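Peer 1: Sharing a model prediction with you, sequence too.
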Amino acid sequence: MKFTKQIMGLSVAAAMLSVVGIAGASAANIKIGIITDRVGNSAAWAKPIEQGLEMALKEINNSGGILGRKIELLYESDQSKPDVSATKARKLIDAGVVAILSISNSPSTQQAQTVTMKAKMPHMTPANSAGYLTTKLKNPYFFQMGPLGSTQIRTLMAYNKKNNFKRIGLVKDNSGLGTYLGRIFKQSLEKSGAKVVVEQTIEIGSTDAIPQMQKVRAAKPDAIYHSGIVVSAMSTFFKAYHQLGMKQPILGSFNLSVPRYLQVIPGMLEGVAFIDAFDPDKKQSRAFIASYKKAYGKTPFSLPAYGYDGLHVMAMAIKNAGSTDADKIRAAISAIKGYVGVLGAKGASVNFAANRAGFSTQGAVVRVIKNNAHGPVVHSGY
Amino acid sequence: MTDLLELLVSVGEAGCIYGLVALSYLLVLRPTGIINFASGEWVALGAFAGVTLIAEGKLPWIAGLPLAVLAVGLIGWLSERLTVRPLVEGGASVLSPVLALLGMLVVYREAASLIWGVDNMFVPMPFGFGRVEIGPFAGSSQSFFILSVTLTVFFLVWLLFEKTVWGKAFEAVALNRMAAALMGINLKLVAVLAFSGGAAIAGLAGLLVAPITSVHFLMGLPLAVKGFTALVIGGVGRVEGALLGGLLLALVEKLTLRYAPIPSGFAIGVPFVMLILFLMLRPDGLLRAKGGS
């Protein structure tokens, strides 16, 4: 009995010491919350963005932090579920973060906003592209830093016009985002004077896409737009395209900027044009590429840059605010003008002064896949 | 005409994959009476075995294929030993192992995501990618490989059931378990062979389709649905019914996608329509069991 009491006493003391220890260590740190996705549908996108966040974190802390304090990132995974995202936002606020960055999917970020708006918590997404994030809710505490979907589409349409593609074959998969992007592609193409002569859906889990691609081949389009995002459907699409001896140029969404497709369907994406927000020839990008290679031993693509720029902008805002006060940080983000980060075409910058969606409307680029890698920029702006 | 001949190769390829998954269901269902909804996960495990052995282990297909099939067969054996047999021996109803295997579906899936991750993975084709023309028929090298392997497997399984005492034992258990046991047939051995064989066949389907679709921990479910539909169409009583059901399902599916004047998104519902129609109009499927079971 005495022994049990001793053990209990020691345990309580140890627990108290550890709590004091944690509080002592983190009191000096400025906590920024990250709502990510580690197991859901957006995990493949969120993971590389986290790498960029960690790179920026190291850079900032190694150069002395901000306001004389180190930054600490608190991660929460929302599994790309909006309701979970809102709960995670609440949890991060309770943990004492001074701002939140959302890198999961757009619907989840929108739901998290309902919490951050009420709590008057500075909240930014460096990655989400849905235009509604800054228009549906009048939330002065929310900012969007990546290129909007509409900017990406307009840029791709400008490239389409330059190439005079009039008759379009549109292929999508039956995922939610693939279907949505297909609809946006169609509307934008028809608005720009092109005609969608054939539209096909590839089912997720199908063993090939021969019938659909035969239909596309029969319609003799000038170019094929692919709005799908699911790798297996993308794989069957490209295999059918090559198997049927098709030669039409293929244009795709920003999803093709994820290198997983190049690893799973190696050699089959040559010449494919896709939307991106990353110009590897830009001065800032070259420095970023060198740092990333040093940290991870491989060449980066655009997604890590979203996290990298996002944390740098948030840190800059806290520094400019001179305080961790939410209203001061919000005002400092609003005042950011002419920020040139890694993302964006040459000459593009981030401006939150006029719009809470601060990415330049001329900042998206079109790149072409070459030698099974993301090749050079062939077009920018619209 | 070129289109139709290309399409027939595509039908053959898809039909063979559906047929193999249907055969996996049939091998378990026939002697045990258990519908194994985890068949789709066995398909995924076969594909992941291909990732480990062929893509990452750099084994040639000739070595990787039997090893992958054996590995999934072993998982089937373990499933029977650890999940199904304790329930059967405990006197549980036939629904209990079905539900237990549904639980195993989640276990397999989550284990795969933990071991291999959530990203799609690559398995190379045994003969590289390219258009192959055999007479008037054209397809990819993988299409013809799938056709050759599947037809060989079905022939061997058919031989096993029709010409060997082992096959007769399976059939006897399917017709009357009690009588078979009284005749000295080892029911436990039959069950373990059914699960191992079913898993091996499903794993083979996954490995064969992996170079076309890539490998993902969620890849099993769509093929499980197609395989089950093929089983219902062909009938649960005969080995050749599984292949017939797979080919017929693929034929209707592909012809609808290619020629029916409806959006391709709607054609995705074809297997479900066929499933409902067969369950309503011909629940025994196209081929009935020889013994009338």
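Peer 2: It's in.

Peer 1: and the residue of the stretch 251-382 of chain A found nearest chain B, what does it touch?
Peer 2: Closest contact between the stretch 251-382 of chain A and chain B, by Cβ to the nearest Cβ, is at A:Val264 (4.5 Å). C-beta here means a position set from N, CA and C on the backbone, and glycine is covered the same way. For A:Val264, the contacting residues are A:231, A:234-235, B:120-122, B:214, by Cβ atoms under 8 Å, 6 or more residues apart in numbering or on different chains.

Peer 1: again, 6 Å this time
Peer 2: A:231, B:120, B:122, B:214 (Cβ atoms under 6 Å, 6 or more residues apart in numbering or on different chains).

Peer 1: tell me which element whatever residue of the stretch 101-250 of chain B ends up closest to chain A is part of?
Peer 2: The stretch 101-250 of chain B approaches chain A most closely through B:Pro222 (2.5 Å), counting by Cβ to the nearest Cβ. Using DSSP states H and E, B:Pro222 sits in helix B:220-234.

Peer 1: now A:Gly33
Peer 2: For A:Gly33, the element it lies in under DSSP H and E is strand A:30-36.

Peer 1: Please see if that strand touches chain B.
Peer 2: No. Using Cβ under 6 Å from any Cβ of the partner chain, strand A:30-36 never reaches chain B; the gap is at least 13.3 Å.

Peer 1: next one: stretch A:61-78 to chain centre, how far?
Peer 2: 20 Å (Cα atoms, centre = their mean, to the nearest Å).

Peer 1: what distance separates the start and the end of that stretch?
Peer 2: End-to-end distance for stretch A:61-78, by Cα to Cα, to the nearest Å: 27 Å.

Peer 1: Would you mark the buried spots in that stretch?
Peer 2: A:61, A:65-66, A:69-74, A:76-78 (16 or more other Cβ atoms under 10 Å in any protein chain shown).

Peer 1: Among these, find me the one that's closest to B:Ile262.
Peer 2: A:Asp78 (37.6 Å; Cβ to Cβ).

Peer 1: if I look at the closest one, how far off is chain B?
Peer 2: To chain B, A:Asp78 is 15 Å away according to Cβ to the nearest Cβ, to the nearest Å.

Peer 1: doesn't A:Ile35 make contact with that residue?
Peer 2: Yes. Assessed by Cβ atoms under 6 Å, A:Asp78 is found in contact with A:Ile35 at 5.4 Å.

Peer 1: hey, what's in contact with both of the two?
Peer 2: A:85, A:88, A:104.

Peer 1: all strands for the stretch 151-300 of chain A, in order.
Peer 2: Assigned by DSSP state E, counting those that start in this stretch, the stretch 151-300 of chain A shows strands spanning A:167-173, A:195-202, A:223-226, A:250-252, A:273-276.

Peer 1: so what's the residue of chain A found nearest chain B scoring on pLDDT?
Peer 2: Nearest residue of chain A to chain B: A:Gly205, at 2.5 Å (Cβ to the nearest Cβ). What the model reports as pLDDT for A:Gly205 is 88.

Peer 1: That one reaches B:Gly220, doesn't it?
Peer 2: No. Here A:Gly205 does not reach B:Gly220: they are 8.9 Å apart, not a contact under Cβ under 6 Å.

Peer 1: Please say which of the two ends up with more neighbours.
Peer 2: B:Gly220 (29 against 25; other Cβ atoms under 10 Å in any protein chain shown).

Peer 1: how would you label the closest residue to the more buried one other than its chain neighbours: helix, strand or coil?
Peer 2: Leaving aside its chain neighbours, B:Gly220 sits nearest to B:Gly40 (3.2 Å; criterion: Cβ to Cβ, 6 or more residues apart in numbering or on different chains). At B:Gly40 the chain is in helix, as set by DSSP: H, G, I helix; E, B strand; the rest coil.

Peer 1: show me what contacts B:Gly40?
Peer 2: Counting by Cβ under 6 Å, 6+ apart, B:Gly40 touches B:220-221, B:223-224.

Peer 1: Try it again at 8 Å.
Peer 2: So B:Gly40 contacts B:21, B:105, B:202, B:220-225, B:227 (Cβ under 8 Å, 6+ apart).
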